[in-house]
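> the following comprises the amino acid sequence and a computationally predicted model.
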Amino acid sequence: QVELVESGGGAVQAGGSRKLSCAASGRSASAYSMGWVRRRPGQEWKRVACIRKDGGTAYASAVQDRFTISRDNANNILYLQMNNLKPEDSGMYQCAAGSNVYCLTYDTWGQGTQVTVSP
């Protein structure tokens, strides 16, 4: 079992950048595919980015070329670099880990960190 704790959220103006971190403890995060999802009140969670155990990545089309997911397996940290942020990027960002290779489902979730992008 792995536990996940996110940090790095906050308020930012449109066009700005933010870097989220997710610290994993317990079992090594390198054993999982990991990703970032975004939740908004009253809505289902949406996949933002995924990084597989082999290092392959995938992004939602809305964030392609603006967001970069990466992982530091030595220190058990997952990152999400977000550039050129837009108001529609606002939401609660959660880190997730799972055994599904393509991040279709997740087994473990963090509590989330809020990102608010103002126009």
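Happy to help now that I have it. Because the structure is a prediction, the values reported are computed rather than measured.
> what's the neighbour count on Val63?
Neighbour count for Val63, taken as other Cβ atoms under 10 Å: 24. Heads up, the C-betas are built off the backbone N, CA and C, glycines and all.
> how about the contacts made by it?
Under the criterion of Cβ atoms under 8 Å, 6 or more residues apart in numbering, the neighbours of Val63 are Val48, Ala49, Met82, Asp89.
> ok, now how distant is it from Asn76?
Note on Val63: its distance to Asn76, by Cβ to Cβ, to the nearest Å, is 24 Å.
> before we move on, which element is the spatially most central residue of the chain in?
In the chain, the C-alpha nearest the mean C-alpha coordinate belongs to Trp36, at 2.3 Å (Cα atoms, centre = their mean). Assigned by DSSP states H and E, Trp36 belongs to strand 33-39.
> with just CA atoms, put that strand into PDB.
These are the backbone C-alpha positions of strand 33-39, laid out as PDB (Å, rounded to 0.1, in the frame of the first residue of the first chain):
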ATOM      1  CA  SER A  33       1.500   3.800 -12.600                       C
ATOM      2  CA  MET A  34       0.700   7.200 -11.300                       C
ATOM      3  CA  GLY A  35      -1.300  10.200 -12.400                       C
ATOM      4  CA  TRP A  36      -3.000  13.500 -11.600                       C
ATOM      5  CA  VAL A  37      -6.700  14.000 -11.800                       C
ATOM      6  CA  ARG A  38      -8.800  17.100 -11.300                       C
ATOM      7  CA  ARG A  39     -12.100  17.300  -9.500                       C
END
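> centre of the chain versus that strand, how much separation?
Per Cα atoms, centre = their mean, to the nearest Å, the displacement of strand 33-39 from the mean C-alpha position of its chain is 4 Å.
> packing partners of that strand?
Contacting strand 33-39 under the criterion 3 or more Cβ pairs under 8 Å, 6 or more residues apart in numbering; DSSP states H and E are the following elements: strand 18-26, strand 46-51, strand 67-72, strand 77-82, strand 91-98.
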